[in-house]
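Participant: predicted model, plus sequence, below.
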Amino acid sequence: MAFAFHEGERAVQARAGEAAMALRNASVITDTVIAGARAFIEKQLMVATATRNAEGQLWASLLSGPPGFLRSPEGRAIEIQLGVERRPADDPFWQGLAAGSRAGLLFIELATRRRYRVNGQVEHLDAEMARLGIAEAYPNCPKYIQRRHPRSDASAPAAEPASTRRGHALDAAAMALLAAADTLFMATGAPGGELDASHRGGPPGFIQLLDTRRLRVPDYAGNSMFNTLGNLALDPACGLVVPDFEHGRLLHLSGRASLRWDLPDPQGLSGGTQRFWEFEVDDWLARPAASGLAWEYLDASPFLPKASA
């Protein structure tokens with residue numbers, strides 16, 4: 001498949017001075033899951049997702065299940081084998097999914113820092129499974145992923161939404177979760193309707209709270225392709241999901257994000273790029289993570305910038 005970056009990606013690559021590197025790295029993008037990645041996908045316990053709801057809002061989420069609940073038998077599609085009894089009613093992923101809708105998936109293995117990204121369109125959805133036809137598939141680099149080891153009890157029932165909270169301005173508990181977070185996942189949209197799910201990691205505190213509706217996050221050096229920021233350059237709609245690994249909760253945020261170039265960065269928070277993106281919250285949702293998973297923290301990414309005091 002001949003892959004071409006869209007206008008937003010090209011603009012951000014050029015502004016960053018990384019257009020040539022982006023073209024070289026784009027050789028990994030294809031429209032099938034390569035054979036080596038199929039086994040990786042099948043053993044995963046978790047996948048980050050991107051979907052757009054009927055109101056046009058983007059939402060990111062995290063799905064969990066036993067090994068084998070994610071499959072790509074022929075490499076042309078992804079199957080998500082989760083029956084309706086394991087689909088929490090308040091999960092934005094399932095609320096935004098319908099036959100023909102677009103979705104982005106990021107398969108990520110925190111313990112090994114491996115990740116693989118797929119975008120596509122829902123070909124089939126029933127009470128037993130969802131199947132996503134693949135438009136783009138490619139590996140991502142292991143940078144900025146904090147290592148965690150999963151412990152799974154697949155027999156545990158799905159979490160009840162009894163402790164779900166919602167709002168527009170962030171409350172104290174939501175702000176505390178963000179202040180302690182070292183990992184988030186983003187949902188963004190590309191021209192033509194494709195959706196991307198991507199990862200961002202940093203030291204605790206890398207998500208700066210500007211006020212109860214606005215966040216600022218540094219953009220570290222990456223693979224030069226700028227898929228996420230390129231999407232935001234054309235469509236500011238954005239969704240975030242921030243896991244609280246310790247207490248088994250997820251904070252979903254839906255709103256708009258914009259890129260900030262050349263901000264003064266005396267503490268080196270951006271790792272030298274002086275790039276940040278700011279997120280304005282329209283709606284947030286806090287809910288229990290899928291039951292049956294607990295995470296043991298192992299160590300931080302060696303690529304995290306060393307900020308000065």
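Facilitator: That came through fine. Numbering: from 1, shown residues only.

Participant: pLDDT-wise, which helix or strand of the chain ranks last?
Facilitator: strand 147-152 (a mean of 84; mean pLDDT, DSSP states H and E).

Participant: could I have it exported to PDB, CA atoms only?
Facilitator: Provided in PDB are the C-alpha atoms of strand 147-152 (Å, rounded to 0.1, in the frame of the first residue of the first chain):
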ATOM      1  CA  ARG A 147       6.900  -0.600  32.800                       C
ATOM      2  CA  ARG A 148       4.100  -2.400  34.600                       C
ATOM      3  CA  HIS A 149       3.400  -6.100  35.000                       C
ATOM      4  CA  PRO A 150      -0.200  -7.300  34.800                       C
ATOM      5  CA  ARG A 151      -1.900  -9.700  37.100                       C
ATOM      6  CA  SER A 152      -5.200 -11.100  35.600                       C
END
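
Participant: for that strand, which helices and strands make contact with it?
Facilitator: strand 293-299 (3 or more Cβ pairs under 8 Å, 6 or more residues apart in numbering; DSSP states H and E). C-beta: built from backbone N, CA, C; applies to glycine.

Participant: contacting residues for Tyr116?
Facilitator: 33, 37, 40-41, 106-107, 137-140 (Cβ atoms under 8 Å, 6 or more residues apart in numbering).

Participant: make that Asp244, sorry
Facilitator: 177, 180-181, 250-251, 289.

Participant: so where do the helices sit in the stretch 151-300 of the chain?
Facilitator: 172-180, 227-234 (DSSP state H, counting those that start in this stretch).

Participant: of all those helices, which one is nearest Ala187?
Facilitator: Nearest to Ala187, of all the helices of the stretch 151-300 of the chain, is helix 227-234, at 9.3 Å by Cβ to Cβ.

Participant: burial check on the residue lying closest to Leu209 once chain neighbours are set aside, number of neighbours?
Facilitator: In space, Leu209 comes closest to Met175 once its chain neighbours are excluded; the distance is 5.7 Å by Cβ to Cβ, 6 or more residues apart in numbering. Neighbours of Met175 under the rule other Cβ atoms under 10 Å: 17.

Participant: I'd guessed Met175 sits against Asp211; true?
Facilitator: No: using Cβ atoms under 8 Å, Met175 makes no contact with Asp211, being 9.8 Å away.

Participant: and the residue nearest the centre of the chain, how far is that from Tyr138?
Facilitator: Centroid-nearest residue in the chain: Phe185, 2.9 Å away (criterion: Cα atoms, centre = their mean). Phe185 is 17 Å from Tyr138, where distance means Cβ to Cβ, to the nearest Å.

Participant: same question for Arg86.
Facilitator: 28 Å.

Participant: now the stretch 101-250 of the chain, which segments are flagged as low pLDDT?
Facilitator: Where the stretch 101-250 of the chain drops to pLDDT under 70, the residues are 152-162.

Participant: all strands for it, in order.
Facilitator: 102-109, 114-125, 130-140, 147-152, 165-167, 183-189, 195-201, 208-211, 214-218, 237-244, 249-260 (DSSP state E, counting those that start in this stretch).

Participant: looking at these, which is buried most?
Facilitator: strand 183-189 (a mean of 26; mean count of other Cβ atoms under 10 Å).

Participant: list the residues that contact Val47.
Facilitator: By Cβ under 8 Å, 6+ apart, the neighbours of Val47 are 62-63, 70, 80, 105-108.
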